[in-house]
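Q: below: sequence and its predicted model.
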Amino acid sequence: MTLDQLAECLGATVHGDGSRAVSSCASIEEAGSDDITFLANKRYARYLKSTSAAAVLISLDEPCPEHLTRLVCDDPYFAFRNAMIELHGFRTHPEPLGANPDHVSAQAAVHPEAVIGEETRVHPLATVERGVCIGARSHIYPGVVLCENVTVGDDCILYPNVTVYEGCTLGNRVTIHGNSVIGQDGFGYATHAGAHHKIPQAGNVVIEDDVEIGGACAIERATMGTTRIGKGTKLADLISIGHGTTLGEHCLLVSLVGIAGSVHVGNYVVFGGQTGVSGHITIGDGVQALAQSGIAGDIDAGTTVGGAPAIDADTARRNMLASTQLHALFKRVKKLERQAKPDDSSN
């Protein structure tokens, strides 16, 4: 489409040649003459002079070379997201191989007492057990296992080899990427007489609407009650959520986060990569944790923390910078100790 057409879709204003056509989105370093790019992080501003992009999505107050056509908008990153939808669209889902008129593959194992909604696709080698209820327009990819009495809402996507254990519930528009496991037993043992004795895990997992879970994540069922993932929350890959934990609404968890059991996490919380959270604590709304934070105690709402153990982020940053000079500091201290030591030869 032309830049004028794209700008109208995005609610942006064209500064330059709006008749120029674009066909795709690209990064500011790699964009070609048919691409539109964006500037949302000032560290990439230096590429504005050299980019070959047809145009850039940019905020009004950001300086830009005159030769480069601009699509001025309030939020360039969100505008880029919408441009991706206009020019590339979301992934399309194929019809299952060997599907019957109800879009269920003949090679899928579907219990006769399972309920599958209209226009839901069930692919080969998926297993749908007794008592499962799947809503409308969902996609169940090959290798997915839905154990007994699982509920899946409308417009859900379960990618290959996802497993949902018995009694768990997924809301509407939930996406779970390949090899993730929902509702496996929590890590619950009673140690007695030198042995670890398994505690039955009688709870379940509830995943609310509009949650997306990355690949190879593991969300444990509660020992009693529910492990809950609040609506709109997004998990990256390789994340572990312990039994009985509650994640609030619209949280963001970057890869390799690990949260122990019985943790209460508020709304709009952000955990950087490799953050670890110990059990039985409360983390307030709006908390942000820097990458590799180790959270061992309650965190007040609105706090930004870092380090291990996690402390105020500004102090954590200063500590991390100081730690890069530890060897030099050690040598200075040893030198001062030698200078301060009395000279035994004078006695």
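A: It's in. Numbers count the residues shown, from 1 in each chain.
Q: quick one, phi psi at the spatially closest residue to Tyr189 that is not a sequence neighbour?
A: Using Cβ to Cβ, 6 or more residues apart in numbering and skipping the chain neighbours, the partner closest in space to Tyr189 is His196 (4.1 Å). Using the backbone N, CA and C atoms, a C-beta is placed for each residue, glycine as well. With angles defined as degrees, to the nearest 10, His196 sits at phi -100, psi 120.
Q: break this structure into its domains for me.
A: Here the domain parsing of the chain from automatic domain parsing is 3-87, 109-318.
Q: so what's the residue nearest to Tyr189 bridging to?
A: Thr191 (DSSP bridges).
Q: and it, how many neighbours?
A: 10 (other Cβ atoms under 10 Å).
Q: same question for Gln184.
A: Neighbourhood size, Gln184 [other Cβ under 10 Å]: 17.
Q: mind listing what His123 touches?
A: The contact partners of His123, by Cβ atoms under 8 Å, 6 or more residues apart in numbering, come to 96-97, 105, 108, 139-142, 144.
Q: top of those residues by neighbour count?
A: Once you tally neighbours by other Cβ under 10 Å, Ile140 ends up highest among the contacts of His123, having 31 neighbours.
Q: what about Asn149, neighbour count?
A: Asn149 has 16 neighbours, counted by other Cβ under 10 Å.
Q: again, but for Gly286
A: The tally of other residues near Gly286 (other Cβ under 10 Å) stands at 16.
Q: looks like it contacts Gly302 (just checking).
A: Yes: between Gly286 and Gly302 there is a contact under Cβ atoms under 8 Å: 4.7 Å.
Q: low-confidence ranges in the protein?
A: 343-347 (pLDDT under 70).
Q: tell me where the longest helix sits in it.
A: Taking DSSP state H as the criterion, the chain has its longest helix at helix 326-340.
Q: can I get the CA coordinates of that helix in PDB?
A: Taking Å, rounded to 0.1, in the frame of the first residue of the first chain, the C-alpha atoms of helix 326-340 are listed here in PDB:
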ATOM      1  CA  LEU A 326      36.700  -5.500  42.800                       C
ATOM      2  CA  HIS A 327      40.100  -6.800  41.800                       C
ATOM      3  CA  ALA A 328      41.600  -3.400  41.500                       C
ATOM      4  CA  LEU A 329      40.100  -2.400  44.900                       C
ATOM      5  CA  PHE A 330      41.500  -5.600  46.400                       C
ATOM      6  CA  LYS A 331      45.000  -4.700  45.100                       C
ATOM      7  CA  ARG A 332      44.700  -1.200  46.500                       C
ATOM      8  CA  VAL A 333      43.700  -2.500  49.900                       C
ATOM      9  CA  LYS A 334      46.500  -5.000  50.000                       C
ATOM     10  CA  LYS A 335      49.000  -2.200  49.100                       C
ATOM     11  CA  LEU A 336      47.600   0.000  51.900                       C
ATOM     12  CA  GLU A 337      47.900  -2.800  54.400                       C
ATOM     13  CA  ARG A 338      51.500  -3.300  53.500                       C
ATOM     14  CA  GLN A 339      52.200   0.400  53.800                       C
ATOM     15  CA  ALA A 340      50.500   0.600  57.200                       C
END
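Q: list the helices and strands that helix packs on?
A: If you count contacts as 3 or more Cβ pairs under 8 Å, 6 or more residues apart in numbering; DSSP states H and E, helix 326-340 packs onto no helix or strand.
Q: flag every buried residue along that helix.
A: Neighbour counts over helix 326-340 (16 or more other Cβ atoms under 10 Å) mark no residue as buried.
Q: just use 292 as the starting number from now, easier for me
A: Done: numbering now begins at 292, and the last item shifts to helix 617-631.
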